[in-house]
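Undergrad: any chance you could fold what I've pasted below:
(chains A and B)
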Amino acid sequence: MKDCETIRESIDSWLDGELNPAESELVRAHVSSCSDCSEVRRQLEKLQLALKDELLVEASQIESLLFWREFERRINEKRSWPMELAARCRAFFATPQIAWAVPAVIVLLLAALSLDAVLPWWRFGGGRNNFASVESIDAYGRSVALLRQDETRTTVIWLYEDQEGENEAAEEATKSGPAF
Amino acid sequence: MKPLKKLPSLVLLFSLFLISRVEWMGAAEKNPQSVQVTIRTILASNKNDEFDAKLKEMEQQLKTLKYRSYRFLKEDSKEIAWRGTQSFEIPGGRSLSVVPQEFQNNRIALKIRLTERDKPLLDTTVTVPNKGNYLYLGGPPHEGGNLVLSISAATQ
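TA: Residues are numbered from 1 along each chain as shown, chains lettered A, B, ... in the order given. Reported below is the predicted structural model:
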């Protein structure tokens, strides 16, 4: 009888799954062999089931009532456009992904800037900045040509020297000049 | 769930660190101490079809000049302070003086003067990419061909 009293105190916890495996096994073994305790178990289960159904019905009514009231309130609510904009912004920045977007953008920016050090020929805009460029030229009255070729990213200043004072071969070369 | 609650502050701290790093990089770019200017002297001619192996890296660019032969003559590299002047000796009694003027957007502005026996032949102001492509200055006759100077610069 002492056993039955102790076990009956634990049946409720056993049904709720609150006992550890050893206690649970002890209670289960006793209930399956004791008809009185088995009857207590059946009654408790019946009571729990009845309570559960009742609570569920009431809870669902309360939940849906609140939901529909809030729904109606939001439909009828008229917000000014700044409030609407603020709400949209709040919703956008509240998403967890945006928390990662900020450092991700900065990391990409850093990577882009660092490419300059690693790959000197690389630059924003497909290497346009990797051209040497000429700001001003003064050739003291001599002829000068400026070549800029996109394909090879070449910038050349070509100075046509005076024809006097050099040897014949040099003069010949100078006369013809580069054929760019 | 606790680590997730700390996430916004961690992300904010990380962002601040990255921003400070970008700022630091920007500051470093603004204040280079000096410029390493390198001048290579090349002889371009039509005497033969020789292409000097030492000029391999600039082959495509030199060939836009349409000469048949390119011979490496010399290379000279000097560290120059901002607004300081350094002269490079060029074959044929010529000299090239270079003054680094400005560093902006990873480009170096150089004022260049080519002289021949103290007589100025050319004054020019150019900007070259930092540690990037060369500027070619050519034309002075030499040994039956024409000299071509490749000019490059790198901040120190």
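
Undergrad: A:E23 against A:I11, yeah?
TA: No - assessed by C-beta atoms under 8 Å, A:E23 is found out of contact with A:I11, at 11.3 Å. Heads up, the C-betas are built off the backbone N, CA and C, glycines and all.

Undergrad: higher neighbour count, the two?
TA: The residue with more neighbours, out of A:E23 and A:I11, is A:I11; 20 against 13, by other C-beta atoms under 10 Å in any protein chain shown.

Undergrad: which strand or helix spans the more buried one?
TA: A:I11 belongs to helix A:2-15 when assigned by DSSP states H and E.

Undergrad: so which bits of that helix are buried?
TA: A:7-8, A:10-11, A:14 (16 or more other C-beta atoms under 10 Å in any protein chain shown).

Undergrad: just the element for residue 36, please.
TA: In the absence of a named chain, chain A is used. helix A:35-76.

Undergrad: switch to chain B, that's the one I care about
TA: Going by DSSP H and E, B:Q36 is in strand B:34-45.

Undergrad: show me the shaky parts of chain B.
TA: B:1-9, B:21-31 (pLDDT under 70).

Undergrad: switch the cut-off to 90
TA: B:1-34, B:46-68, B:82, B:92-93, B:102-108, B:116-119, B:121-122, B:128-145, B:152, B:155-156 (pLDDT under 90).

Undergrad: show me the helices in it, by range?
TA: In chain B, the segments counted as helices under DSSP state H are B:2-30, B:59-62.

Undergrad: sorry, back to before: tell me the angle of the helix holding A:D36 relative to helix A:2-15?
TA: Orientation of helix A:35-76 against helix A:2-15 (axes from the mean of the first three to the mean of the last three C-alpha atoms, to 10 degrees) gives an angle of 20 degrees.

Undergrad: list the contacts of A:T154.
TA: Residues near A:T154 by C-beta atoms under 8 Å, 6 or more residues apart in numbering or on different chains: A:147-148, B:60-61, B:64, B:133, B:136.

Undergrad: domain-wise, how is the chain divided?
TA: No chain in the question, so chain A it is. A:2-76, A:131-176 (automatic domain parsing).

Undergrad: oops, wrong one, chain B.
TA: B:1-31, B:33-155.

Undergrad: out of those domains, which is the most enclosed?
TA: Neighbour counts (mean count of other C-beta atoms under 10 Å in any protein chain shown) averaged over each of these peak at domain B:33-155, with a mean of 18.

Undergrad: so how far is A:R74 from the nearest residue to B:Q61 once chain neighbours are set aside?
TA: Nearest residue to B:Q61 in three dimensions, chain neighbours excluded: A:T154, at 4.2 Å (C-beta to C-beta, 6 or more residues apart in numbering or on different chains). Distance, A:T154 to A:R74, by C-beta to C-beta, to the nearest Å: 66 Å.

Undergrad: cool, B:S97 as well?
TA: 77 Å.

Undergrad: same deal with A:R28?
TA: A:R28 is 51 Å from A:R74, by C-beta to C-beta.

Undergrad: A:Q48 now?
TA: Distance from A:Q48 to A:R74, by C-beta to C-beta: 38 Å.

Undergrad: which one's more surrounded, those two?
TA: More crowded of A:Q48 and A:R74, by other C-beta under 10 Å: A:Q48, with 13 against 9.

Undergrad: pull the contacting residues for the closest residue to B:K78 other than its chain neighbours.
TA: Distances taken as C-beta to C-beta, 6+ apart place B:Q86 nearest to B:K78, at 4.6 Å, with adjacent residues excluded. Contacts for B:Q86 (C-beta under 8 Å, 6+ apart) come out as B:37, B:78, B:80, B:97-98.
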